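In: have a look; sequence and predicted model below, questions after that.
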There are 2 protein chains.
Amino acid sequence: MFARLLHAHGSLMREIESQLIAEHGLSANDFETLLHLARADGGAMRRVDLAERLRLTPSGVTRLLGGLEAAGLTTRRDCPGDGRVTYAVLTEEGRKALRRASRTHAAICDAVIGSHLSPAELESLAELLGRLPGVDDVDAGSCSG
Amino acid sequence: MFARLLHAHGSLMREIESQLIAEHGLSANDFETLLHLARADGGAMRRVDLAERLRLTPSGVTRLLGGLEAAGLTTRRDCPGDGRVTYAVLTEEGRKALRRASRTHAAICDAVIGSHLSPAELESLAELLGRLPGVDDVDAGSCSG
DNA sequence: CGCTACTATTTGATGACGCAACTACCATAG
DNA sequence: CTATGGTAGTTGCGTCATCAAATAGTAGCG
């Protein structure tokens, strides 16, 4: 049972990631980062919150954002009220990249999951998965996360 | 929905892996390797088949087995009929380590999954997950894989 | 104010893994 | 026998993520 989760995740993510990289030069984490920022208020998030969402350590986030900043998809902005925090902010460029990549992402999800599970089954799968600990209530009914 | 899979996998595996490492010095892949070998005929598998099972590349398997061999949990054995293949073979030591680690593994699975899903729901989750592509029909009804 | 405890972030060292290239071996065709 | 093509395994290198330690700022208490 656990092997299933592992293997399902492994093969599906590999599929998505390789297409995302090939077509848009974005890793899965790059994509998710843009996605979270796009949903966040003002397109900005504290790095520490991003780390939690992405299930990376803060150092992982530092390096991930290094790449996105270099690509011009995000910028950093200091927090006026608290000198410790810096925000990661989605740029207009980043928003465009996300829009482009979302199409690929959704298409692969549909191809990979949609063809094997009916909408009702997908719903039920999402519900069961959502009951597991550590699974955030993010992105409930859609494939694009 | 996809984020759920990713995150569920991430948090559950992290939990299992850290306990496995802390208590038995085995990574998740170490554990799975021993498990697959234990189930295989004669406790032996070709490295290439192990790679497929573990969803690693051959190079990953080479390095993984390097560690297990160094720890005395597996050995290598040449194939008499085909000079290209070498088998990974579970040692008696490895079998013992697997037995010990299995208890930890099962306990965590129970704690983490069992307390959130009923047996019927678990069954249904396993069924849905099993329908996804790339998910082998391994270890259907149990938690210990 | 000065101390202590806590939080956010970065950096250095390390480890796991994939990819590509390479070796060694097998199998088949001529 | 020998050339060609395919398969098993290893190794060098790059990437990405972790942990531990360092830095910088905040908050509360005497």
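Out: Alright, I've got the coordinates.

In: show me what from chain A comes close to DNA strand D.
Out: Remark: the part of chain A in contact with DNA strand D comprises A:27, A:29, A:55-57, A:59-60, A:63-64, A:67, A:82-84, using C-beta under 7 Å from any atom of the strand. All C-beta atoms are positioned from the backbone trio N, CA, C, and that covers glycine.

In: would you list those in CSV and tack on neighbour count and distance to chain B?
Out: Shown next, in CSV, are the residues of chain A next to DNA strand D (neighbours: other C-beta atoms under 10 Å in any protein chain shown; distance: C-beta to the nearest C-beta, whole Å):
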residue, neighbour count, distance to chain B
A:27, 15, 13
A:29, 17, 10
A:55, 17, 5
A:56, 19, 10
A:57, 10, 11
A:59, 9, 16
A:60, 14, 12
A:63, 10, 18
A:64, 22, 15
A:67, 16, 19
A:82, 9, 28
A:83, 8, 31
A:84, 8, 26
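
In: close to DNA strand C: what parts of chain A are there?
Out: A:18, A:46-48, A:51, A:58-59, A:61-63, A:65, A:76, A:82, A:84-87.

In: just the ones of those in helices?
Out: Taking DSSP state H as the definition of helices, those contribute A:18, A:47, A:48, A:51, A:58, A:59, A:61, A:62, A:63, A:65.

In: hang on, the earlier thing: for ChimeraX, what selects the buried ones among the residues of chain A next to DNA strand C?
Out: Selection of the buried residues among these in ChimeraX, burial being defined by 16 or more other C-beta atoms under 10 Å in any protein chain shown:
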select /A:46,47,51,61,65,86,87
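
In: how close does residue A:96 get to DNA strand C?
Out: 24 Å (C-beta to the nearest atom of the strand, to the nearest Å).

In: what about that residue, how many neighbours?
Out: Neighbours of residue A:96 under the rule other C-beta atoms under 10 Å in any protein chain shown: 11.

In: do the one 4 residues further on as well
Out: A total of 13 residues lie near residue A:100 under the criterion other C-beta under 10 Å.

In: what's the lowest-pLDDT member of the ones in helices among the residues of chain A next to DNA strand C?
Out: Lowest pLDDT among these: residue A:18, with 87.

In: and it, what does it touch?
Out: Listed by C-beta atoms under 8 Å, 6 or more residues apart in numbering or on different chains, residue A:18 has no contact partners.

In: do you know how far it is from residue B:48?
Out: Applying C-beta to C-beta, to the nearest Å, the value for residue A:18 to residue B:48 is 21 Å.

In: again, but for residue A:64
Out: Remark: distance between residue A:64 and residue B:48 (C-beta to C-beta) = 33 Å.

In: just residue A:81 next, same as before
Out: From residue A:81 to residue B:48 the distance is 57 Å (C-beta to C-beta).

In: using the centroid of chain A, identify the residue furthest from it.
Out: residue A:81 (27.8 Å; C-alpha atoms, centre = their mean).

In: ok, the closest residue to residue A:17 other than its chain neighbours - contacts?
Out: Leaving aside its sequence neighbours, residue A:17 sits nearest to residue A:28 (C-beta to C-beta, 6 or more residues apart in numbering or on different chains; 4.4 Å). Shown in contact with residue A:28 (C-beta under 8 Å, 6+ apart): A:13, A:16, A:17, A:20.

In: between the residues you listed, which is nearest residue A:71?
Out: residue A:20 (13.7 Å; C-beta to C-beta).

In: which non-adjacent residue is nearest that closest one?
Out: Nearest non-adjacent residue to residue A:20 (C-beta to C-beta, 6+ apart): residue A:26, at 5.0 Å.

In: what do you get for residue A:100?
Out: residue A:24 (6.0 Å).

In: now the closest residue to residue A:47 other than its chain neighbours: how far from residue A:91?
Out: Nearest residue to residue A:47, sequence neighbours excluded (C-beta to C-beta, 6+ apart): residue A:61, at 5.0 Å. Noted for residue A:61: a distance of 17 Å to residue A:91, by C-beta to C-beta.

In: got it, and residue A:60?
Out: Residue A:60 is 21 Å from residue A:91, by C-beta to C-beta.

In: next, count neighbours for the residue nearest to residue A:20.
Out: Neighbour tally, residue A:26, other C-beta under 10 Å: 25.

In: what about it, distance to residue A:59?
Out: Taken as C-beta to C-beta, the span from residue A:26 to residue A:59 is 20 Å.
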